[in-house]
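Asks: What shape does this take:
(2 chains)
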Amino acid sequence: MLIAERLGVVVGRRWLLDGVTLTVRPGELVVVLGPNGAGKSTLLACLSGALPPSSGSITIDGRRLADVPATDLARRRAVVAQTNVVTMPIHAEEVVTLGRMPHEERAAHTRNVVAAAMAAADADDFIGRVVPTLSGGEQQRVHLARALAQVWPEDLSRTRYLLLDEPTSSLDLAHQAQVMATARSLAESGYGVLAILHDLNLAAATADRLALLDDGRLVADGKPDEVLTPATISHVFGVTADVVERPDGRGPLIVPRVPAHCPSRIGQWSLS
Amino acid sequence: MTAAILPAAARLTSAHTRRQRRRLAVVAGAAFTLALAAIAGLAAGAVAIPPGAVLAALAGVGNDAVAAAVVVDLRLPRVLTGCLVGAALAVAGAAMQGLFRNPLADPGLVGVSSGAALGAVFVIVVLGDAAAPSRPLLLPFAAFLGALLATVVIQRLATFDGRTTTAMLLLAGIAINAIAGAGLGLAAFFSTDQQLRDLTFWTLGSLAGTDLRVLWTAAFAMLAAVLGLALFGRVLDACLLGEREAAHLGVDVERSKLMLIALVALGTGAAVAAAGIIGFVGLVVPHLARLLVGADHRWLMVVSALLGAALLLVADIAARLIVLPAELPIGILTSALGGPFFLALLLANRRRFAV
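Replies: Next comes the predicted model:
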């Protein structure tokens, strides 16, 4: 289990995270939601070990995160950041192969894992392509493949975790669904998966649990239909929304209300 | 899932095989070019010696004692220096560019070379004759310190939150070059005629005047730097993804950065101690090498070392032949070639570097 207890991160006088307690269990897909600046990426940075929290503690499978050796940690959890800018001419499969860096193994095995991870992320079409020539969404799939390769399930004796920061932000509709389906199936095969998303409906349809952050605090943590109520949506996002049943029955469907008349703000700054 | 994996694995294998073949061919070609350049470097000069006689002199079977003396005693040390200086500058450039994820991070452009020259000149002018007996050790060490100081300043200024911006990198370089330029100018103002001649050697670069005792120390340092940097190939590959991503892969980024900075400073400092400031080798050579073998640093380092050595030998031959019986400083030649290359690089990447 990946457990954050009473996490606090302070920069200057501002608490980016304040008393956040969150658990990612093996076999579970947890989606973190919240408005811009709520502290989602900060939480992910803490859970990945990149950012030591100002207060609170993080443990991974019973050990303090800071005490786990870097290579050992790299074999247990992989991270896909929000932005990945590779500017040098490196091939897609070379990026994915870097995911196998923490593992000591034969080259043939590496190649099989890389091929499998690229196929799973639907990035195998980019074999032989140079990464900076790929589109943003295509690069995102390459980085997902790299993370999958890093924690590929070859022995299931230890739990693996996948931390994804807006993995669907540059993807088209089909690939958004596909990435989340991959995350789901990984969770079902025993991974602990945490993903930050902005699309409430995609989150509600795929997540086992939702964690809702607002202004650095965890305001709700539970099943999608418990968390995504008109009251919390209005409170956290400042949007009036109807919550209805999805036609396919998989979780709630959030329909934000659009005001019938949207007052234009442009007129306020009259030039005359 | 397995059915979908198999074609991907096959494609991966064939792409890998094709690339390895191509890279091996490039390494072989670069090694061959270097061998030709080395023979030409031993053959060319005020006294031209035919390649056959060069090989005979090297093998110790020639019957021309004068040719043997010229080749083995005069030109061989110079050619070996050229090889090491070229390789050290090119590999230091490739490493810096990987570390900063920026193809413009050249030890010359960002001020590492001038920092090293300032260190060397300090030993010559300020310490002067008093330090002459310990100069073989002191001079490369001072050059290393100067280079190290410059590299640390650049790293501190240009990298913020794990990312490096081109503007900060080059602006920091301008500032360091200005400071080093002022120091070198001041040293020139206060130096004696003999010191002034030495000083010109540092600022324009030359393989001619190297003190053989300095050369031994510098050669050892350059060799250590090139081999040391080559060990960081995989780490530099990971750094291409970003510093935080490299850390997620289990790389000890802070420690690696310190080691890389020290090795870059060692290589550049030693190269400057041996041959003065020779600009643009660290910019041009890794760029060409990347076009040939891509950004995989283990290959990039090998090809950069071979091509850097070859380029410097060719430039040295030109420097020796163009104004016979005199000799041009080699730094003038590399700058004359590298400057337009730099402009072309900027032109090709206008959009990317405009941030």
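
Asks: end-to-end on stretch B:158-168?
Replies: Using C-alpha to C-alpha, to the nearest Å, the end-to-end distance of stretch B:158-168 comes to 5 Å.

Asks: And the contacts of that stretch?
Replies: B:100-102, B:104-105, B:157, B:169, B:172, B:242-244, B:353, B:355 (C-beta atoms under 8 Å, 6 or more residues apart in numbering or on different chains). Placement of C-beta: from N, CA and C, glycine included.

Asks: is it true that residue A:15 lies in a strand?
Replies: Yes: looking at residue A:15 with DSSP: H, G, I helix; E, B strand; the rest coil, it is inside a strand.

Asks: Which part of the stretch 151-300 of chain B gets nearest to chain A, residue-wise?
Replies: Per C-beta to the nearest C-beta, residue B:250 is where the stretch 151-300 of chain B lies closest to chain A, at 3.3 Å.

Asks: shouldn't that residue be in contact with residue A:76?
Replies: No: using C-beta atoms under 8 Å as the test, residue B:250 is too far from residue A:76 to be in contact (10.2 Å).

Asks: Would you quantify the distance from the residue lying closest to residue B:127 once chain neighbours are set aside to residue B:329?
Replies: In space, and not counting its chain neighbours, residue B:127 is closest to residue B:138: 7.4 Å by C-beta to C-beta, 6 or more residues apart in numbering or on different chains. To residue B:329, residue B:138 is 24 Å away according to C-beta to C-beta, to the nearest Å.

Asks: pLDDT weak spots in the chain?
Replies: If you meant another chain, say so; for now it's chain A. In the predicted model of chain A, residues A:155-156, A:260-272 satisfy pLDDT under 70.

Asks: Not quite, go with chain B.
Replies: B:1-5, B:131, B:162, B:210, B:352-355.

Asks: For it, what lies in contact range of chain A?
Replies: B:1, B:4-5, B:7-9, B:11-13, B:15-16, B:19, B:97-98, B:101-103, B:234, B:237-238, B:240-242, B:244-245, B:247-252, B:290-291, B:294-296, B:352 (C-beta under 8 Å from any C-beta of the partner chain).

Asks: So which residues of the chain form strands?
Replies: In the absence of a named chain, chain A is used. Secondary structure of chain A by DSSP state E: the strands cover A:2-11, A:14-24, A:28-33, A:55-60, A:63-64, A:77-80, A:161-165, A:192-196, A:209-214, A:217-222, A:241-245, A:252-256.

Asks: The intended chain is chain B.
Replies: B:159-160, B:163-164.

Asks: Output those in TSV; the columns should cover distance to residue B:120 and mean neighbour count.
Replies: Converted to TSV, the strands of chain B look like this (distance: least, C-beta to C-beta, whole Å; neighbours: other C-beta atoms under 10 Å in any protein chain shown):
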stretch	distance to residue B:120	mean neighbour count
strand B:159-160	27	14
strand B:163-164	28	17
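
Asks: Can you tell me how far the residue of the stretch 1-150 of chain A found nearest chain B is from residue A:111?
Replies: Using C-beta to the nearest C-beta, the single residue of the stretch 1-150 of chain A nearest to chain B is residue A:74, 3.3 Å away. Noted for residue A:74: a distance of 19 Å to residue A:111, by C-beta to C-beta.

Asks: ok, these two, which is more surrounded?
Replies: The neighbour comparison of residue A:74 against residue A:111 (other C-beta atoms under 10 Å in any protein chain shown) goes to residue A:74, with 23 against 18.

Asks: doesn't residue B:252 make contact with that one?
Replies: No: taking contacts as C-beta under 8 Å, residue A:74 lies outside contact range of residue B:252: 11.0 Å.

Asks: Give the buried residues for stretch A:163-179.
Replies: A:163-171, A:175-176, A:178-179 (16 or more other C-beta atoms under 10 Å in any protein chain shown).

Asks: oh, I was asking about stretch B:46-58
Replies: B:49, B:53-54, B:56-58.

Asks: I'd like to know which of these are part of helices.
Replies: When the buried residues of stretch B:46-58 are checked against helices (DSSP state H), the matches are B:53-54, B:56-58.

Asks: on that earlier part again, make a ChimeraX selection of whichever of the residues of chain B next to chain A turn out to be buried.
Replies: In ChimeraX syntax, the buried subset of these is picked out as below (16+ other C-beta under 10 Å):
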select /B:5,8,9,11,12,15,16,19,97,98,101,102,103,237,238,240,241,242,244,245,247,248,249,250,251,290,294,295,296
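
Asks: circling back to that earlier point, make JSON lines from the strands of chain B and add distance to residue A:41 to it.
Replies: Converted to JSON lines, these look like this (distance: least, C-beta to C-beta, whole Å):
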{"stretch": "strand B:159-160", "distance to residue A:41": "17"}
{"stretch": "strand B:163-164", "distance to residue A:41": "15"}
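
Asks: ok, now which ones touch residue 73?
Replies: You didn't pick a chain, so chain A it is. Residue A:73 makes contact with A:49, A:60, A:65, B:250, according to C-beta under 8 Å, 6+ apart.

Asks: try 7 Å this time
Replies: Taking C-beta atoms under 7 Å, 6 or more residues apart in numbering or on different chains, we find residue A:73 in contact with A:49, B:250.

Asks: go on, residue B:55?
Replies: No contacts exist for residue B:55 under C-beta under 7 Å, 6+ apart.

Asks: repeat that for 10 Å
Replies: By C-beta atoms under 10 Å, 6 or more residues apart in numbering or on different chains, the contact set of residue B:55 is B:39, B:42-43, B:61-62, B:71.

Asks: Please name the bridge partners of the residue in the stretch 151-272 of chain A that chain B sits nearest to.
Replies: Residue of the stretch 151-272 of chain A nearest chain B, by C-beta to the nearest C-beta: residue A:163 (8.9 Å). Beta-bridge partners for residue A:163, by DSSP bridges, are residue A:79, residue A:194.

Asks: any idea how far it is from residue A:10?
Replies: Distance, residue A:163 to residue A:10, using C-beta to C-beta: 22 Å.

Asks: Repeat that for residue A:51.
Replies: Counting by C-beta to C-beta, the gap from residue A:51 to residue A:10 is 12 Å.

Asks: which one of the two has more residues nearby?
Replies: A count of neighbours by other C-beta under 10 Å puts residue A:51 above the other of residue A:51 and residue A:10, at 17 against 14.

Asks: ok, back up a step: what is in contact with residue B:250 and residue A:76 at once?
Replies: With C-beta under 10 Å, 6+ apart as the test, residue B:250 and residue A:76 both reach A:102, A:150.
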